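1. output the structure for:
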Amino acid sequence: MSTADTLPDDIIFEILSLVLHVPDAQFATLLSFERSHNTPATSPFLTRSQSSSAYLLVSKSWLHVGTPLLYKTVVLRSKAQAQALAATLTSNPELGRFIKKLRVEGGFQNFMHTILELSQNITDIFVTLDLARLDNPRGLCTGLPLINPVRLIVETRETLPSVAEKLYGAIQTCVLTWEKLVQFESSLLFAADGTMPQVLNRAPCLHSLVLWNKYEARRIPSTIEKITKNPALKSIRFVQGVYAAKQGYDQDFERVLYDLFKEKPRLLNLLNLSDERAVVGPQHTAPFAYPARLLADSSLEDAIWSRILCFAFERDPSDVVQDHSRVALLTVSKMYKRLGIPNLYRNVQLSSESSARLFASQLEQYPALGCYIRTIQFRYPGNAIPIEFDKIVLYAPSLNELDADTCQRITWDSFRRLGESAGTTLRVCRGLEVPANNEPANAGFFALFSQLETLHLRSRGRFWTDPTTIPNDAFPLLANLTIDGSDLSLLDTLAHMELPSIRNLVLISQHALDGSTFLKKHGPKLQQLTVSEFQMDHASTIWHHCPLLESLCIVCNEPRGHIYSDSWVSSEPRPACEPASWFATSLGTHMHIHLQRIIFSITNTSSMLAPSPKQFNDLINAIRTTTSFPALREIEHPFCKWPIWEERIAKDCWVKWAELLLQRNVHLRGPDGINWRPRLKLAGSVGDRYGQNFQITDSFLDPDLMRQCTRLGGWWPADV
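-> Okay, here's the model as predicted:
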C-alpha cells in the first residue's frame, strides 16, 4: 500500500485544495483588458503543463476526495472540452452538482445547453461576447435561463460580432429574471449603447457592480448614471486592468473619479469615495541593540559581517551598468572597508578600455588586491590587443573564471601568461580571440591549464602539429569545448591530446569535413555536439564517430539553409544534402541508443526566414520513421510556437508535426521549452444535429477511461 493510500481524507483534502484551487481574480479576468491594440489576448488559463486532473489518478481516495474540488471551478476553452464535459455530465449527472464556478471562453454550440441544464448549483458564471465568426452560442442562449447564479461576468468588446447579438440579448433577459443575481461584472464597453445600463437599472436584486476600465477615468461614459437609479444597488467598483497600469493611466485613479463625480452624490456614495486621504505617519520601531556576543568575539563579528557584505557586493552577471553603491559601502566604517575589499574584488567587471587601464594600474600599485580576484568579465569589444590584459592576469593568481563574451583579442603569448599565472585555478575561459600569427605557435603552454573545465576560443593563428611538440596530457579536466571560426591546425593539435574529460563540443563551420580528425579521436567520448547544417552533409561521420551522443544541435547562421527557407542566395554556399538524409533510415549498423534530443538553432534571429514546410516536413517524417534513434524524445526548433486559438490549432503546421512525432513518443518544442500536448477533439458530427445524429465515443462514456485517455479535466486551466 502506498503512502498516498494511508493518508486521511482530511489531509488529502487540504493537499488537493492547494493544487486544484483557482484564484477568483484569475477566474474573473477579462481578456480584453490584458492586451494592447495590436496584441491578441491570452487567457490566464493558457498553460501547457500536465492537466491538474492527473492528481486524481494517484489513488482511489485521491479520486474520491479530489473530484468535487476538480469540478468546483470549470474552465471551458474549446468545443472539444465542452463536448467532453457534456458527455461526462450526461453519463454521470451527479458530477454537475459539484460545479460552482463556470468560465466559458466561447459559444461551444449546443454542448452548453446540456452542461447548464445539468449544473444547477452554479453561483458564478463567466460568459464572453468576443466570439469567433463560426462560433455558435445557441446552447448558451437556451441554457442560461436554466440556472440562477449569484454573480455574472461578461466579457465584451468595442464592436460586437454578429454571432454574439443573440447571446447579448439572452444575457439581458436573464439579468431581469435571475432572482439570485447580486453582482454583475463587465467592462465599461457595454455601456456604449445604453441598453445594458437600462437593464441593470431594473435588475431586482443587483447589489454590486464591478466595472473594468481599460483607459483613463475621464473616458467613463455618462450612461453609468442610469444604473444608479436601481434602488437595490449598494456599490460600484472600478477595476484598472494590467494594460491600463502599464500605460500609466490615472495613477491617482480615485482622485480623478472624485473630481468627476463630486457633483453627483448618489454615484459618489456608490463609489465609496471621499475627498479625505489617509495620512501615513512615521513608523516607530524598537531601538536596535548591538549583540553583546559580537562585541566580545571579534572573529565571530568579522565572520558574520563578512557574510553580510558578501551578499551586498554580489553582482548580477547580466548587469552591465557600473554600480557605484557597491564602492560606497566601503566608506561606512573601517570595518566595512576591511571586510568589504575582498568581496569588492572577488567579481570584477570591466565595461570599457579605460576601466581596464585603471584597474591594471591599480593592481600594479596594490598587487595584494589581485589575490582576491575570482572572476573577471570583459564587457567591451576588444578590436585591438590590449596590453592591460597581461597586467591584469599577472596579478590574479587565484582566478577561477575569465569571461570575455565580446571576443577579447589577445596573443598566444598572453594566453601562455594566463596559464603561468592562473593555470592551476582557472576553470572557465570564454570569449578569447587570437588573431593570425606570422609563425606557427607551439602548443606546449596548453599543459599549464590543469584545472580548466570550459574553454571557448576563437583562433586564427596556426600551430605546429608535430606530435612531439604537443603535450598529450594537456587539459585533463576539459569537459566543454567551443571552437569558433578557428584555423584547422588548432583542431589537429587538440586531436593529438587525450582530453579524457571531454563531453561537450561546439564546432560550427561552413565546411563539411571540418573537425573530422577531432571527432575521430574524441567523438566516442562526446555526449553533446553542436555543428552547422553544412557539417551535417557528412552526417555519417558524426553517427560513426559519436556513438554516445545524447544531444545534437544543428545551427544555421544565415538565411540560406535547408531547414529555414525555400529561397536561396545564389552567391552563398548551400548544404549539399537534403535534411531528411541526415536522419535517414539507412544508417547501416549504427544504432544510436543514447540520442535523446535534437536541437535546431540559429545565430541571427532577425535575418532568418520562416522554415520551409516541405523540407521540414520531410525531415520530421525521416525522424519519425527511422529506427536508428530509439531513445529520441525531444526536438527543439527556434520558430516553433504553439497557437492559442482553437480555430488556428487545426491549421497549424507545428501542431501537425508535433502530433506526428508523438506517434513515436517524441516531443516537439520551441525555445521556451514547452511541449505540445494533444487537445481534446470533437467526436462525431457536432453541428446543429447535436442530440440527433451526434455520436459519443466509448472513451467519453467511460469516466475511468476518460480520466486516463482524454484527461477528465480537459477543460481545466492546463489546456488550450
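
2. for this protein, longest helix please?
-> Taking DSSP state H as the criterion, the chain has its longest helix at helix 298-313.

3. which parts of that one are buried?
-> Buried residues in helix 298-313, counted by 16 or more other Cβ atoms under 10 Å: 301, 305, 309, 313. In short, each C-beta sits where N, CA and C put it, glycine included.

4. surely the first one touches Ala292?
-> Pointing back at Glu301 there. No: here Glu301 lies out of contact with Ala292, judged by Cβ atoms under 8 Å, at a distance of 11.0 Å.

5. all helices of the stretch 151-300 of the chain, in order?
-> Taking DSSP state H, counting those that start in this stretch to define them, one finds helices in the stretch 151-300 of the chain at 165-177, 195-201, 224-227, 242-247, 253-261, 265-271, 292-296, 298-313.

6. select, out of those helices, the one closest to Arg151.
-> Closest to Arg151 of the helices of the stretch 151-300 of the chain, according to Cβ to Cβ: helix 165-177, at 11.8 Å.

7. which elements pack onto that closest one?
-> Here helix 165-177 touches helix 138-143, strand 151-155, helix 195-201, going by 3 or more Cβ pairs under 8 Å, 6 or more residues apart in numbering; DSSP states H and E.

8. now the closest residue to Thr465 other than its chain neighbours: how far from Thr482?
-> Of all residues not flanking Thr465 in the chain, Asp492 sits nearest, at 4.7 Å (Cβ to Cβ, 6 or more residues apart in numbering). Applying Cβ to Cβ, to the nearest Å, the value for Asp492 to Thr482 is 17 Å.

9. one step back: distance to Arg458 and mean pLDDT added to the helices of the stretch 151-300 of the chain, as CSV?
-> Listed next are those as CSV, based on distance: least, Cβ to Cβ, whole Å; pLDDT from 0 to 100:
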stretch, distance to Arg458, mean pLDDT
helix 165-177, 63, 94
helix 195-201, 66, 88
helix 224-227, 66, 81
helix 242-247, 41, 50
helix 253-261, 55, 74
helix 265-271, 65, 84
helix 292-296, 51, 84
helix 298-313, 32, 89
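
10. now render those helices as CSV, adding distance to Arg427.
-> Formatted as CSV, the helices of the stretch 151-300 of the chain follow (distance: least, Cβ to Cβ, whole Å):
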stretch, distance to Arg427
helix 165-177, 64
helix 195-201, 67
helix 224-227, 66
helix 242-247, 42
helix 253-261, 53
helix 265-271, 63
helix 292-296, 35
helix 298-313, 20
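
11. among those, which is nearest Leu30?
-> Leu30 lies closest, by Cβ to Cβ, to one member of those: helix 242-247, at 10.3 Å.

12. now the helices for the stretch 301-450 of the chain?
-> Under the criterion DSSP H, counting those that start in this stretch, helices of the stretch 301-450 of the chain are mapped to 324-328, 334-344, 353-365, 388-394, 412-422.

13. among those, which comes closest to Asn472?
-> Here helix 412-422 is closest among those (Cβ to Cβ), at 16.7 Å.

14. alpha carbons only: can I get that closest one in PDB?
-> Provided in PDB are the C-alpha atoms of helix 412-422 (Å, rounded to 0.1, in the frame of the first residue of the first chain):
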ATOM      1  CA  TRP A 412      49.300  33.400 -27.700                       C
ATOM      2  CA  ASP A 413      52.000  34.900 -25.500                       C
ATOM      3  CA  SER A 414      49.200  36.400 -23.400                       C
ATOM      4  CA  PHE A 415      47.400  33.100 -23.300                       C
ATOM      5  CA  ARG A 416      50.600  31.500 -22.100                       C
ATOM      6  CA  ARG A 417      51.000  34.200 -19.300                       C
ATOM      7  CA  LEU A 418      47.400  33.500 -18.300                       C
ATOM      8  CA  GLY A 419      48.400  29.800 -17.800                       C
ATOM      9  CA  GLU A 420      51.500  30.700 -15.900                       C
ATOM     10  CA  SER A 421      49.600  33.000 -13.500                       C
ATOM     11  CA  ALA A 422      46.300  31.200 -13.000                       C
END
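
15. which secondary structure elements does that helix contact?
-> So helix 412-422, by 3+ Cβ pairs under 8 Å, 6+ apart, packs with helix 388-394, strand 428-434.

16. which one of the ones you listed lies nearest to Thr541?
-> For Thr541, the closest of the helices and strands packed on helix 412-422 is strand 428-434, at 27.2 Å, according to Cβ to Cβ.

17. give me the sheet partners of that closest one and which way each runs.
-> The pairing partners recorded for strand 428-434 under DSSP bridges are strand 401-409 (parallel), strand 454-459 (parallel).

18. taking helix 412-422 as reference, get the angle to that strand.
-> Orientation note: strand 428-434 sits at an angle of 160 degrees relative to helix 412-422 (axes from the mean of the first three to the mean of the last three Cα atoms, to 10 degrees).

19. ok, and for strand 428-434, which residues are buried?
-> Within strand 428-434, the residues scored as buried using 16+ other Cβ under 10 Å are 428-434.

20. got the contact list for Ile227?
-> 197, 200-201, 209, 233, 236 (Cβ atoms under 8 Å, 6 or more residues apart in numbering).

21. top of those residues by neighbour count?
-> Within the contacts of Ile227, neighbour counts (other Cβ atoms under 10 Å) peak at Leu200, which reaches 25 neighbours.

22. ok, that one to Val127 distance?
-> Counting by Cβ to Cβ - Leu200 and Val127 are separated by 15 Å.

23. thinking again about what came up before, how many residues are close by the residue nearest to Thr465?
-> 16.

24. in a strand, it, correct?
-> No: counting by DSSP: H, G, I helix; E, B strand; the rest coil, Asp492 is located in no strand; its state is helix.

25. hmm, it is touching Phe463, no?
-> Yes: the pair Asp492 and Phe463 passes the contact test of Cβ under 8 Å, sitting 7.5 Å apart.

26. and Leu7, what does it touch?
-> Leu7 sits next to 15, 61 when contact means Cβ under 8 Å, 6+ apart.

27. and the gap between it and Arg97?
-> Per Cβ to Cβ, Leu7 is found 25 Å from Arg97.

28. ok so, going back, out of the contacts of Ile227, who's nearest Leu118?
-> In terms of Cβ to Cβ, no member of the contacts of Ile227 lies closer to Leu118 than Leu200, at 28.8 Å.

29. list the contacts of that closest one.
-> Contacts for Leu200 were tallied using Cβ under 8 Å, 6+ apart; they are 175, 184, 206, 209, 227, 230.

30. dump those residues to CSV, plus distance to Ala622.
-> Output for those, formatted as CSV (distance: Cβ to Cβ, whole Å):
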residue, distance to Ala622
Val175, 58
Phe184, 57
Leu206, 63
Leu209, 60
Ile227, 64
Asn230, 67
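
31. which of the contacts of Ile227 sits closest to Ser59?
-> Leu209 (45.2 Å).

32. these two touch, right, that closest one and Arg237?
-> Yes: with contact defined as Cβ under 8 Å, Leu209 reaches Arg237; the gap is 7.2 Å.

33. what do these two both touch?
-> The overlap between the contact sets of Leu209 and Arg237 (Cβ under 8 Å, 6+ apart) is empty.

34. look at Leu632 and give its secondary structure.
-> When classified by three-state DSSP, Leu632 comes out as coil.
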